[in-house]
Every structure is written in structure tokens, then in C-alpha cells.
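Return a 3D structure for these sequence lines:
(one chain, ligands or ions: 2)
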Amino acid sequence: MLLEGKVLAITGGASGIGKAAALEAARQGADVAITDIVAPETVRSLLDEIEVTGRRALYLQGDVAEPETAVRFMSTIESQLGGLDVFVSNAGICPFHAFLDLPPDVLKKTIGVNLLGAYFMVQAAANQMVRQGRGGAIIAVSSISALVGGEFQTHYTPTKAGVHSLMQSTAIALGPHNIRCNSVLPGTIRTPINQEDLADEGKASAMIARIPLGRLGEPEDLAGPIVFLGSSLASYVTGAALLVDGGCFVNLQ
Ligand SMILES: NC(=O)C1=CN([C@@H]2O[C@H](COP(=O)(O)OP(=O)(O)OC[C@H]3O[C@@H](n4cnc5c(N)ncnc54)[C@H](OP(=O)(O)O)[C@@H]3O)[C@@H](O)[C@H]2O)C=CC1
Ligand SMILES: C[C@H](O)[C@@H]1OC(=O)[C@H](O)[C@@H]1O
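Ligands and ions are numbered 1, 2, ... in the order given. Sure, this is the predicted structure:
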């Protein structure tokens, strides 16, 4: 098992990519701490599924855009699970909207959750790991959108480029503490975040046509890469970005 005896914490772990990663981490031997904005009842069955693997699970409801959520999350992890080894910054929103009339509130909220939320959480997790003095791994869920644009994502793609950049800079800042920082860059993965967008069958099939592996991604496609980057198999990998997109990005012509 790749994460035997480790504690992994993840934001946005109630759904989609975060949920798949949380479950795989437990199967790989980690106790799992989840924070998300949703009510605790929503994650009850997920926590049960984790506990069935023999690992411990905890849930804290909170908004990652609020800096105090990160502080509460770390102190809950320390008191209930005894420390933190792998941190995954995953919570995010993508409210598709045209550029020319994008309301300022949508811009501020997207930046607040996706970029500021990631910053607050990564900073708190890093401080926790530094205090413990046994190193660690941080993984941010960025996106192929860090590298390419989206007509209805002008407020979203800069946040994903920002998260990717954050991992590059924290890799340098935290290397002396043996804390590795990497990002995963998913392509289009079927989750609730894009359910409405992908309901446009023309759009979905145009995307699939561009993907060499011939399908959109599923949340489980990210679980392995996240666990790998958190594990000792990746012990000399830091400051890296791993595209998980079925080959979409390289398929220009
Ligand atoms: N799906 C895709 O194609 C891709 C996704 N990503 C990134 O992957 C990450 C996970 O997304 P995905 O699994 O697809 O989406 P989901 O909507 O399935 O999961 C995101 C989770 O984060 C929660 N969340 C939203 N806002 C907050 C907040 N302020 N504080 C805490 N939790 C919050 C959501 O709650 P709620 O349901 O209430 O919103 C949800 O449970 C995101 O960062 C996204 O940008 C990157 C590339 C592609
Ligand atoms: C939510 C979108 O479908 C998804 O988000 C990303 O980051 C990808 O680039 C897709 O556009």
C-alpha cells in the first residue's frame, strides 16, 4: 500500500475528484480528513466507505475561502488523527460565464475559493508539517486550464494557472523542510462541476474527438496520480505538474 500509516487531508473531498482521491487514499492505507462546504449528512456514506477499509475518517464543514477554515481544519486533524503527511488542495468552483458581462461578484468568488482558498489551506498545511518536522507532500488540483484558455472560463483559468504557480513557488520555499509540492492538471473530468456544461452534447462530443484516449475523464482517473505524488514513490518529485487529460493537450493537429 502506497500510503500505509499516513494521514491525508483533502479539501472539496465530498464530491468528484476529491471524493475519488479520498477513497483511494484510504484503500492505500491512509487515514483521511476531509473538508468541504457541504453539510455533514452529505458525506456520511463516504466516511462509512473509508472506515470500512479499516482507516479513520473525519469531516469538517467549512468554506476554504475563509482563512479560519484552514486553521480549524489543521487543529482538528492534529487532535483527532495526530498529524498530517499528505495535503491535497482540491476544492474549486467553475461557474461558466461569458467574459464581457462577467459580474464582479462571480470573479471575486471564483478567485476567493480557487486561489485564495488554496493559498490559505496550503499555508496552514505547510505550517502544520513544518511544526511536525517529518516532511510531507502537498498536491494541488490545478487544471489543463492552467495552460490553455476557455471562452466561458476567463475568471477560472487564471485561478488554475495561479494554483500551478503556487506549487512551483512553495516547492522552493518548503524544499528545505522536505515538503514536496506538485500539481495535477486534469483535463475534462465528468463531475457535478461540469454536468450542465457537458449536457450540451455537441460540446461534449467535440471534446471527446480531441482526446487521443477517446473519452472524457472520470474522477477515479485522478486518484492514482494524486496518491502517487503523495507517496514515497515520488520522493524526488517536487515542483512538477502532471497532466491527466487523456492526451488532449498535445493533440493540436
Ligand atoms: N471536473 C473537471 O473537469 C476538472 C476539475 N478540476 C478541478 O478539480 C477540483 C475538483 O472539482 P470536481 O471534482 O470536478 O468538482 P465537484 O463540484 O464534484 O467537487 C468540488 C467540491 O468542492 C466543494 N466546494 C465548492 N466550494 C467550496 C468552498 N468554498 N469551500 C469548500 N468546498 C467547496 C464543492 O461543493 P459544492 O458541490 O457545494 O459546490 C464540491 O463538493 C476543482 O478545483 C476543479 O477546478 C480541474 C480540471 C478539470
Ligand atoms: C469544469 C470544466 O469542465 C473543466 O474545468 C477545468 O479545469 C477543465 O479545463 C475543464 O474546462
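
and this structure, which residues reach ligand 1?
11-12, 14-18, 36-38, 63-65, 90-94, 113, 117, 141, 143, 186, 188-189, 191-194 (C-beta under 6 Å from any ligand atom). In this view, the C-beta of every residue, glycine as well, is placed from N, C-alpha and C.

Chain neighbours aside, what residue packs nearest to the residue of the stretch 51-200 of the chain found nearest ligand 1?
Ligand 1 sits closest to Gly92 of the stretch 51-200 of the chain, with a gap of 2.3 Å, by C-beta to the nearest ligand atom. Leaving aside its chain neighbours, Gly92 sits nearest to Asn114 (4.8 Å; criterion: C-beta to C-beta, 6 or more residues apart in numbering).

now the strands for the stretch 101-250 of the chain?
136-141, 179-186, 241-244 (DSSP state E, counting those that start in this stretch).

Turn these into TSV, including mean neighbour count.
Converted to TSV, the strands of the stretch 101-250 of the chain look like this (neighbours: other C-beta atoms under 10 Å):
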stretch	mean neighbour count
strand 136-141	28
strand 179-186	25
strand 241-244	18
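
Mean pLDDT and distance to Val163 for these - can I get that in CSV?
Listed next are the strands of the stretch 101-250 of the chain as CSV, based on pLDDT from 0 to 100; distance: least, C-beta to C-beta, whole Å:
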stretch, mean pLDDT, distance to Val163
strand 136-141, 99, 5
strand 179-186, 99, 6
strand 241-244, 98, 10
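
show me what contacts the residue of the stretch 1-150 of the chain found nearest ligand 2?
Residue nearest to ligand 2 within the stretch 1-150 of the chain: Ser143 (3.1 Å; C-beta to the nearest ligand atom). With C-beta atoms under 8 Å, 6 or more residues apart in numbering as the criterion, the residues that contact Ser143 are Thr157, Lys160, Leu185, Pro186.

how deep is the first one tucked in, by neighbour count?
The one in question is Thr157. Close neighbours of Thr157, defined as other C-beta atoms under 10 Å, add up to 18.

contacting residues around the spatially closest residue to it that is not a sequence neighbour?
Spatial nearest neighbour of Thr157, excluding adjacent residues (C-beta to C-beta, 6+ apart): Ser145 at 4.4 Å. The contact partners of Ser145, by C-beta under 8 Å, 6+ apart, come to Gln153, Tyr156, Thr157, Lys160, Ala161.

now with 10 Å?
Ser145 makes contacts with 94, 153, 156-161, 164, 185-188, as judged by C-beta atoms under 10 Å, 6 or more residues apart in numbering.

Kindly report the same for Arg215.
Arg190, Met207, Ile208, Asp221, Gly246.

same deal with Thr188?
143-145, 194, 197-198, 203-204, 207-208, 210-211, 216-217, 245-246, 248.

from the residues you listed, which would you call buried?
Buried members of those, scored by 16 or more other C-beta atoms under 10 Å, are 143-145, 194, 197-198, 204, 207-208, 211, 216-217, 245-246, 248.

from those, which ones fall inside helices?
Counting by DSSP state H, the buried ones among the contacts of Thr188 place Asp197, Leu198, Ala204, Met207, Ile208 in helices.

With distance to Thr53 as new columns, can the residues you listed be given to me in JSON lines?
As requested, those are exported to JSON lines (distance: C-beta to C-beta, whole Å):
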{"residue": "Asp197", "distance to Thr53": "33"}
{"residue": "Leu198", "distance to Thr53": "31"}
{"residue": "Ala204", "distance to Thr53": "33"}
{"residue": "Met207", "distance to Thr53": "34"}
{"residue": "Ile208", "distance to Thr53": "33"}
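
now, which of those residues lie close to ligand 2?
Asp197.

First-to-last residue distance for stretch 246-253?
15 Å (C-alpha to C-alpha, to the nearest Å).

State the number of residues packed around Phe249.
Counted with other C-beta under 10 Å, Phe249 comes out at 15.

cool, and Val106?
15.

Name all residues that make contact with it.
Residues counted as contacts of Val106 (C-beta under 10 Å, 6+ apart) are Ile93, Pro95, Phe96, His97, His155, Tyr156.
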